[in-house]
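S.K.: Using only what follows, build the 3D model:
(2 chains)
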Amino acid sequence: MKFRDLFIYRGTSTSRSDAVLAVWAFVGFIGLWYAISQVEIVPQRFLPLPWRVVEALYVMLAEQNFIEDIWISVARVWSAFLMSAAMAIPIGIWMSSYRIVGALTEPIVDFIRYLPVPALVPLLIIWFGIGETSKIAVLWMGTFFQLVLLIADDAKRVQREFVETGFTLGATPRQITWHIVFRSMLPSVIDNLRITLGWCWTYIIIAEIVAANAGIGHAIWSARRFVKTPEVMAGILTVGVIGLLTDQAIRFAHRRYFRYL
Amino acid sequence: MAQDMPFLRVDGVSKTFEGDTHHGDIHVIDNVSMDVEAGEFVVYLGPSGCGKTTLMRIVGGLETATGGDIYIAGDKVTGPDRRKGMVFQAYTSFPWLTVIENIRFGTRYRDDIGEVEKQEITRHYLDLVGLADFANYYVNRISGGMRQRVAIARTLAAAPDILLMDEPFGALDAQTREFLQDQLLEINREERKTTVFVTHDVDEAVYLADRIFMFSARPATIIEEIRVGEHITGERTMETKESEAFFHLRNHVRDLMRDQARRTDEIAERELMMPAADAE
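M.R.: Numbering: from 1, shown residues only, chains lettered A, B, ... in the order given. Just a heads-up that it's a prediction; the model follows:
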């Protein structure tokens, strides 16, 4: 593999060269950040040096119990996400299995899907208070209606011949659903879940900024009040790192489990 | 049911696909009847889009007739089930399973046999289609021809009364096609399974069939029934294709086919013109 090959229009690369370039991209990004901050193109009050952010993160973890904020946010995201997934998968498959279900639910789901989640936060707080329930409700509203349509689509994309094969082998509709349709669509379901989990992190921060006594969003918002830019950036960075690690973990599991792809 | 009923009876079957606001109703099958004996290998031959596949799907219970009935072993067909095995043109072997697991899937919904027998049957059909060396390969690692062999083995493992094949070799290259035709003949000699095979390939039809039903352009009617077995006797082998009997029969069928293909083109042309006339 020559370096020059990377510049060919629609050319190919190796996973090794991709990894090297990824590292360089991060190094370059942090270097640029450092340079801009060091020569104060932007005042350090607004763009602190990278190591100040790392230091702030250390202090938050060591002295301000930030680990608990992280844990609370992670727990909120995952409980809402799992609830969303547990409902969206069977309902989505059901929607694509029977036209009566699909035709009745699709218009409503489509409508709710277009409601901006931040606009729902005040309403959900009125309904559920500022406790955990309203956080879960925000995340659920933001993900369930998107996910259920993605799942229904995945189910619809399963080849008609697969379903018909099931019938001619003597399977019942229920057996076809779980032994053939679900199994066939599973790789794309996992992909859609992975993407949806990313949205959860957007919504949890919004929910925690609006009303919360704990969580990463709350920590970011508290730091803002005293213009503690390094702390704000440390909070944002934490979300980014958690998101990246989960995403990579799921991708890795995807490759391991779906070897046949 | 009457004692003298043949194994498969197609009794006055018609099919019309209901149109919508843009298209009128499409009449695809017009009052087709036929009797097929147990163990017979019949081919539905006709131009593309003539309705032969639809008729086979009606036999399999995957489509309902607008008129007429189908009886298999005396029972009226009301829907798809394990008694009517189907092999499709599209690859239907499951990508998440290996070759042997796919074949084993054919036995999954059988309650007439136990686990041990299921394993034996899986092994038997794996060997019969000659894929023992590839038992543990995922199906996307093997060729299209092999995938069709997996599909055939899986269907047979379900022990259907009748085997329905919808252009199963249609997507394969010529060499693989011929190889699979020979293998199918071999399987058929062993299994003696009543088979309906749909194709628009004349050579394939003449080579494989005991009997060919030649269909007209849409709406499909039987224009000629060709008893291939009466012209070409003995075991079918590669040499059969060199024989004079094969040559003559093939040419006769090819001429029939050409007429119908021309008519199909005319129908297609006419239908393309129609919306323009409506717009006036």
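S.K.: can you count the residues close to B:Trp145?
M.R.: Quick fix: residue B:145 reads Gly, not Trp. In terms of burial, B:Gly145 registers 18 neighbours under the definition other CB atoms under 10 Å in any protein chain shown. For glycine as for every other residue, the C-beta is placed from the backbone atoms N, C-alpha and C.
S.K.: pLDDT averaged over stretch A:249-261 - what is it?
M.R.: Taken as a whole, stretch A:249-261 has an average pLDDT of 93.
S.K.: now that stretch, how far from the centre of its chain.
M.R.: Going by CA atoms, centre = their mean, to the nearest Å, the spacing between the C-alpha centre of stretch A:249-261 and its chain's C-alpha centre is 18 Å.
S.K.: Would you mark the buried spots in that stretch?
M.R.: Buried residues in stretch A:249-261, counted by 16 or more other CB atoms under 10 Å in any protein chain shown: A:Ile250.
S.K.: Spell out the residue ranges of the helices in chain B.
M.R.: Counting by DSSP state H, one finds helices in chain B at the ranges B:52-59, B:99-105, B:115-128, B:144-157, B:174-191, B:202-208, B:228-231, B:244-279.
S.K.: How about the longest one, which residues are buried there?
M.R.: In other words, helix B:244-279. Applying 16+ other CB under 10 Å to helix B:244-279 flags B:246, B:249-250, B:252-253, B:256-257, B:260-261, B:264, B:267 as buried.
S.K.: Next, count neighbours for B:Gly144.
M.R.: Burial of B:Gly144, expressed as a neighbour count using other CB under 10 Å, amounts to 14.
S.K.: Of all the helices of chain B, which one is nearest A:Leu186?
M.R.: Across those, the minimum distance to A:Leu186, taken as CB to CB, is reached by helix B:99-105, at 15.5 Å.
S.K.: and the helices of chain B as TSV, adding mean pLDDT and distance to B:Asp69?
M.R.: Conversion of these to TSV gives the following (pLDDT from 0 to 100; distance: least, CB to CB, whole Å):
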stretch	mean pLDDT	distance to B:Asp69
helix B:52-59	95	10
helix B:99-105	97	31
helix B:115-128	96	32
helix B:144-157	96	24
helix B:174-191	92	27
helix B:202-208	94	26
helix B:228-231	87	27
helix B:244-279	83	26
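S.K.: What residue in chain A comes nearest to chain B?
M.R.: Here the residue of chain A nearest chain B is A:Gly170; by CB to the nearest CB that distance is 3.1 Å.
S.K.: okay, now that residue: neighbour count?
M.R.: 22.
S.K.: Nearest to A:Lys156, out of the helices of chain B?
M.R.: Nearest of the helices of chain B to A:Lys156, taken as CB to CB: helix B:52-59 at 20.5 Å.
S.K.: Of all the helices of chain B, which one is nearest B:Asn136?
M.R.: It's helix B:99-105; of the helices of chain B, that one is closest to B:Asn136 (CB to CB) at 6.6 Å.
S.K.: Quick one: residues in contact with that closest one.
M.R.: The list of residues contacting helix B:99-105 from outside it, by CB atoms under 8 Å, 6 or more residues apart in numbering or on different chains, reads A:169, B:93-94, B:97, B:118-119, B:122, B:125-126, B:131, B:134-137, B:139, B:142, B:146, B:150-151, B:153-154, B:157.
S.K.: With stretch A:114-129 instead?
M.R.: So stretch A:114-129 is in contact with A:134, A:137-138, A:141-142, A:203, A:206-207, A:210-211, going by CB under 8 Å, 6+ apart.
S.K.: and with 10 Å instead?
M.R.: Contacts of stretch A:114-129 from elsewhere in the structure, counted by CB atoms under 10 Å, 6 or more residues apart in numbering or on different chains, are A:112, A:130-131, A:133-143, A:145-146, A:199, A:202-203, A:206-207, A:209-211.
S.K.: what's the spacing between that stretch and its chain's center?
M.R.: Here stretch A:114-129 is found 20 Å from its chain centre; the criterion is CA atoms, centre = their mean.
S.K.: now do stretch B:149-161
M.R.: 13 Å.
S.K.: With stretch B:126-137 instead?
M.R.: 23 Å.
S.K.: mind listing what's buried in that stretch?
M.R.: For stretch B:126-137, the neighbour count (16+ other CB under 10 Å) marks B:126, B:128-129, B:131, B:134, B:137 as buried.
S.K.: what's the span of it, first residue to last?
M.R.: With CA to CA, to the nearest Å as the measure, the ends of stretch B:126-137 fall 12 Å from one another.
S.K.: for stretch B:77-96, same thing?
M.R.: Taking CA to CA, the span from the opening residue of stretch B:77-96 to its closing residue is 32 Å.
S.K.: Lowest mean pLDDT among the helices and strands, pick that one out for chain A.
M.R.: Of all the helices and strands that make up chain A, helix A:117-128 has the lowest average by mean pLDDT, DSSP states H and E, namely a mean of 90.
S.K.: which parts of that helix are buried?
M.R.: Within helix A:117-128, the residues scored as buried using 16+ other CB under 10 Å are A:117, A:120-121, A:124-125.
S.K.: now stretch A:26-40
M.R.: By neighbour count on 16+ other CB under 10 Å, the buried set for stretch A:26-40 is A:33, A:37.
S.K.: now stretch B:169-178
M.R.: Buried residues in stretch B:169-178, defined by neighbour count with 16+ other CB under 10 Å: B:169-170, B:172, B:176-178.
S.K.: what does it contact?
M.R.: Applying CB under 10 Å, 6+ apart, the set of residues contacting stretch B:169-178 from outside is B:87-91, B:143-148, B:168, B:179-181, B:184, B:197-201, B:203-204, B:207-208, B:238, B:241.
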